[in-house]
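Q: Make a model of this:
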Amino acid sequence: MEHVSDSGLAAIQRTVELAELRLRTESGEALELRLRAKLSQGDVAEAVDVSVGTICRWEMGNRRPCGPRALAYSRLLAALRDLLDRQDQDSNHHGQPSV
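A: Numbers count the residues shown, from 1 in each chain. Coordinates of the predicted model:
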């Protein structure tokens, strides 16, 4: 079995993140996550250091995210997904009757 260097593993991880991001933007999930988190395009743009227009184009599918800022966007979306999933779990847990 061939050894993969740390830099090779990092490149693989970045590629997976980029693929995940593109799936999220193309499916509309990126827009849905932002809206559910009650964030504006400006909030997201500031967080990942791009223009509001770039976020708009990514969300609308007019441009494909790429580069380091896209990876930052991917990590932000993953964090929002985790946050919203935890919030949903807490809501479901607290909404169930006690036994």
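
Q: The residue lying closest to Ser51 once chain neighbours are set aside - how many residues pack around it?
A: Excluding the flanking residues, the one nearest Ser51 by Cβ to Cβ, 6 or more residues apart in numbering is Ala45, at 5.9 Å. Glycine gets a C-beta too; all of them are placed from N, C-alpha and C. As a burial measure, Ala45 scores 20 neighbours (other Cβ atoms under 10 Å).

Q: swap in the one 4 residues further on?
A: The criterion is other Cβ under 10 Å. On that basis, Asp49 has 11 neighbouring residues.

Q: That one - nearest residue in space that isn't next to it in sequence?
A: Closest residue to Asp49 apart from its sequence neighbours, by Cβ to Cβ, 6+ apart: Arg69 at 6.0 Å.

Q: Lys38 and Leu83: what is the separation?
A: As judged by Cβ to Cβ, to the nearest Å, Lys38 and Leu83 stand 11 Å apart.

Q: Which one's more surrounded, these two?
A: Neighbour count, other Cβ under 10 Å: between Lys38 and Leu83, Leu83 has more, with 13 against 7.

Q: if we can go back for a sec, what count of nearby residues applies to the residue nearest to Asp49?
A: Arg69 has 15 nearby residues by other Cβ under 10 Å.

Q: What mean pLDDT does the longest helix anywhere in the chain get?
A: In terms of residue count, the longest helix belonging to the chain (DSSP state H) is helix 67-95. Helix 67-95 comes out with an average pLDDT of 90.
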